[in-house]
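In: Based on what follows, work out the 3D shape:
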Amino acid sequence: MYHNDYTVLVKEYLNRYTEFKQYVANVEAEIEDYKEMLKLSAAPNVPNLSATGGCGGGDGTSQQERAYFKREDLEKRLEDSYHDLLEMLPKIRKLDRSLDALKATNPVDYRIIRARYIDGSSWESTASYAGASVTYCRNEARKALRRLTGAMFGEESIPIQTHLVFIDNDDGNCG
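Out: Residues are numbered from 1 along each chain as shown. Here you go, the predicted structure:
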């Protein structure tokens, strides 16, 4: 990724911050619901299921087998929810810590980022909320985004020139 890609990613995280936080809260609640349903589930521990089924008609599965399948499905859903949470939660926590650091070191920049990118306010509303001019807010937003990007992704997100190109003025060739 190039440094601009990291900044674009941070902007996207900020724009969807409220959505991401709600998603995490929903998945956490879903996990608790699945845990409760599994506690209430009366499925027997069946080491293997009969090939013939146990009810002598219908779809060929007994009541115990259906209960076992339902429990298995709940366990799979619980596992999938944990996986979803473990994928999203570290990103949100990293963003939260980065925003908290920005708020502690520069509250005006935090208000600019909060109003413009998280709340989606216009530049005029952002300037009013931050107590600064629109021009100042636009300039500081760029700087604050760079600092947030560095805080979230480290030195790989910071542009560094690794080599120099010299142009010979006589013939226009690079050397």
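
In: going forward, measure contacts between C-alpha atoms and count neighbours the same way
Out: Fine.

In: quick one: the helices in this protein?
Out: 3-15, 17-40, 63-105, 107-113, 123-130, 134-153 (DSSP state H).

In: where does this protein have low pLDDT?
Out: Counting by pLDDT under 70, the ranges of the chain that qualify are 1-3, 41-60, 158-175.

In: still on that earlier bit, single out the most deeply packed of the helices of the chain.
Out: Using mean count of other C-alpha atoms under 10 Å, the stretch among the helices of the chain with the greatest mean number of neighbours is helix 107-113 (a mean of 22).

In: CA atoms only for that helix, dumped as PDB, please.
Out: What follows is helix 107-113, C-alpha atoms only, in PDB (Å, rounded to 0.1, in the frame of the first residue of the first chain):
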ATOM      1  CA  PRO A 107      -8.600  18.700  21.300                       C
ATOM      2  CA  VAL A 108      -9.200  21.100  18.400                       C
ATOM      3  CA  ASP A 109      -8.000  18.600  15.800                       C
ATOM      4  CA  TYR A 110     -10.100  15.900  17.400                       C
ATOM      5  CA  ARG A 111     -13.200  18.100  17.200                       C
ATOM      6  CA  ILE A 112     -12.400  18.800  13.500                       C
ATOM      7  CA  ILE A 113     -12.000  15.100  12.700                       C
END
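
In: Identify the residues contacting it?
Out: For helix 107-113, the surrounding residues in contact (C-alpha atoms under 8 Å, 6 or more residues apart in numbering) are Leu99, Leu102, Lys103, Thr126, Ala127, Tyr129, Ala130, Cys137, Glu140, Ala141, Ala144, Leu145.

In: Tell me which two in those are the farthest apart.
Out: Leu99 and Ala127 (18.7 Å; C-alpha to C-alpha).

In: Which of the contacts of helix 107-113 sits closest to Leu89?
Out: For these, the nearest to Leu89 is Leu99 (15.2 Å; C-alpha to C-alpha).

In: doesn't Leu148 make contact with that closest one?
Out: Yes - assessed by C-alpha atoms under 8 Å, Leu99 is found in contact with Leu148 at 7.3 Å.

In: list the contacts for the residue lying closest to Val134 once chain neighbours are set aside?
Out: Counting by C-alpha to C-alpha, 6 or more residues apart in numbering, Ala127 is the residue found nearest to Val134 once chain neighbours are left out, at 5.2 Å. Residues near Ala127 by C-alpha under 8 Å, 6+ apart: Ile112, Ser133, Val134, Cys137.
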